[in-house]
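Novice: Just the structure for this:
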Amino acid sequence: MEITKRKSGETIVIELSGSLDIYTATDFKTYLQANVNTDHSKVVVNMEKLNYIDSSGIGMLIKSLNYMKELDGQLQLANLKESLQKIFKVAGLTAYFQFITEKEFKEKYLA
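Specialist: This next block holds a predicted model:
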């Protein structure tokens, strides 16, 4: 998995590519905690280039969401491929996470 970040206003946009799975989930957690603090309380995870996620990856996203809530922050997921959207629906997580559509992402974070 490859992780990059950039700022868009007061928001940190974290770009994921490859797989978020048992082998890479802790890398994501470490990266998030090293790059996000109370000064940057809004994070958008762009999953446009993420090809695969397993239960470890989903679990780490849940832990990351809880970490952001502890900081009184916000974590949103953007640009999920249809196959990944189905995983979140089947797992019953669509109400738990905030999702950003491709159109919203382009308007807010690529303008």
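
Novice: Where is the longest strand in the chain?
Specialist: Longest strand of the chain, by residue count under DSSP state E: strand 42-53.

Novice: which parts of that one are buried?
Specialist: Buried residues in strand 42-53, defined by neighbour count with 16 or more other Cβ atoms under 10 Å: 42-47, 50, 53. Where you see a C-beta, it was placed from the backbone N, CA and C, and this is true even at glycine.

Novice: Centre of the chain to that strand, how far?
Specialist: 5 Å (Cα atoms, centre = their mean, to the nearest Å).

Novice: How about residues contacting it?
Specialist: 1, 8, 10-21, 32, 36, 61, 64, 68, 73-81, 84, 87, 100, 102, 105, 109 (Cβ atoms under 8 Å, 6 or more residues apart in numbering).

Novice: what do you get if the cut-off is 6 Å, keeping everything else the same?
Specialist: 11-17, 19-20, 36, 74-80, 84 (Cβ atoms under 6 Å, 6 or more residues apart in numbering).

Novice: What of stretch 72-79?
Specialist: With Cβ under 6 Å, 6+ apart as the criterion, stretch 72-79 contacts 41-48, 64-65, 68, 97-100, 102, 105.

Novice: Report the distance from that stretch to the chain centre.
Specialist: The mean C-alpha position of stretch 72-79 is separated from the chain mean by 6 Å, Cα atoms, centre = their mean.

Novice: tell me the pLDDT at the spatially most central residue of the chain?
Specialist: Geometric centre of the chain, nearest residue: V45, 3.0 Å, by Cα atoms, centre = their mean. Per-residue confidence at V45 stands at 97 (pLDDT).
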